[in-house]
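**Student:** Got a sequence here, can you model it:
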Amino acid sequence: MFNNQVVWITGASSGIGEALALNMAARNAKLVLSARRQGELERVKAACVAAGAAPENVLVLPLDVTDSDRLTPATDTVLATFGQIDLLINNAGLSQRSLCKDTDMSVYRQLMEVDVLGQIALTKAVLPHMLKRRQGHLAVTASVAGKIGVSQRTGYCAAKHAVMGFFDALRSEVENEGLRVSTITPGFIRTDIARNALSADGTPFGEEDKDIAGGMDVTECAQVIVSGLAKGKPEIAVGKGKEMHALWLKRLSPALVFRMVRGRG
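**Tutor:** Residues are numbered from 1 along each chain as shown. Reported below is the predicted structural model:
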């Protein structure tokens with residue numbers, strides 16, 4: 001699966017995005033790697049080539065998803081290079097570590113621009129191509145935080161709840177048009193997401209998170225995600241800790257989950 005398919009991954013310069021790129025490279029996919037840091041994207045490209053991808057099948061396409069004027073031209077570049085887009089994985093994102101009472105409104109706006117509006121805008125740029133072909137797969141990296149509210153993540157949880165809602169609604173619009181839509185809900189995965197999270201004033205949090213540090217290995221995470229995408233699963237939960245049990249428990253007893261997370265963080 002994914003052999004010769006064109007897979008566009010945002011947030012591909014590190015973490016889950018990088019791990020997904022390496023996994024897809026080993027499956028002989030044609031890759032489009034996007035993020036803001038071109039140097040890191042070039043590093044990931046070299047790793048993808050080492051994993052089996054042909055150099056001409058890996059396009060480095062630097063992109064800031066909040067720059068709406070660049071998204072349609074970027075889509076045109078992908079189509080001019082590979083002729084089609086089979087799978088878009090909206091993986092760019094930021095997290096947060098600050099109490100609501102301390103958090104500047106600019107932080108909330110940045111989280112919404114990156115984690116929500118950027119994903120929607122790029123999806124809208126790619127959608128006409130997929131609808132014309134009557135095939136394609138749209139995915140977004142949401143989070144367990146898109147299902148459960150946790151202390152010090154008010155903006156992040158709000159953003160991830162929003163993308164869950166958007167892509168669930170989009171699925172209802174396009175499934176009969178031949179398209180698939182998947183939401184990915186990672187729990188604690190060993191990446192730098194906590195270090196790179198925004199603090200109350202918008203500066204990087206810069207500290208390790210013990211839950212993240214003890215989470216699932218990012219390569220294992222990518223394998224679970226790719227397996228779920230190959231099966232066309234509408235929702236792909238990935239993780240191994242207690243947070244994954246909370247996903248199911250909330251359906252049965254929301255009040256219990258509220259009590260469990262109260263004061264955590």
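
**Student:** Just the strands from the stretch 101-250 of the chain, written as ranges.
**Tutor:** Taking DSSP state E, counting those that start in this stretch to define them, one finds strands in the stretch 101-250 of the chain at 136-141, 179-186, 235-238.

**Student:** tell me the most buried of the ones you listed?
**Tutor:** Of these, the one with the most neighbours on average (mean count of other C-beta atoms under 10 Å) is strand 136-141, at a mean of 25. C-beta coordinates here come from the backbone N, C-alpha and C atoms, glycine included.

**Student:** could you give me the average pLDDT of it?
**Tutor:** Mean per-residue pLDDT for strand 136-141: 98.

**Student:** Same check on stretch 36-54?
**Tutor:** Along stretch 36-54, the predicted confidence averages to a pLDDT of 97.

**Student:** And stretch 182-199, by the same measure?
**Tutor:** pLDDT averaged over stretch 182-199 equals 94, rounded to a whole number.

**Student:** that older thread, need the strands of the stretch 101-250 of the chain in JSON lines (columns: distance to residue 94).
**Tutor:** Conversion of the strands of the stretch 101-250 of the chain to JSON lines gives the following (distance: least, C-beta to C-beta, whole Å):
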{"stretch": "strand 136-141", "distance to residue 94": "12"}
{"stretch": "strand 179-186", "distance to residue 94": "14"}
{"stretch": "strand 235-238", "distance to residue 94": "19"}
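
**Student:** Return the backbone torsion pair for the residue nearest to residue 194 when sequence neighbours are not counted.
**Tutor:** Closest residue to residue 194 apart from its sequence neighbours, by C-beta to C-beta, 6 or more residues apart in numbering: residue 209 at 3.5 Å. Per-residue torsions, residue 209: phi -110, psi 120 (degrees, to the nearest 10).

**Student:** so what's residue 209 scoring on pLDDT?
**Tutor:** You'll see residue 209 listed with a pLDDT of 83.

**Student:** ok, now which ones touch it?
**Tutor:** When contacts are counted by C-beta atoms under 8 Å, 6 or more residues apart in numbering, residue 209 touches 97, 193-194.

**Student:** From residue 61, how far off is it?
**Tutor:** Look at residue 209 and residue 61: by C-beta to C-beta, to the nearest Å, they are 30 Å apart.

**Student:** One more: residue 118?
**Tutor:** In this structure, residue 118 and residue 61 are separated by 15 Å, where distance is defined by C-beta to C-beta.

**Student:** neighbour count winner among the two?
**Tutor:** Taking residue 118 and residue 61 together and counting by other C-beta atoms under 10 Å, residue 118 has the greater number of neighbours (25 against 20).

**Student:** Would you mind measuring from the more buried one to residue 230?
**Tutor:** The span separating residue 118 from residue 230 equals 26 Å under the rule C-beta to C-beta.
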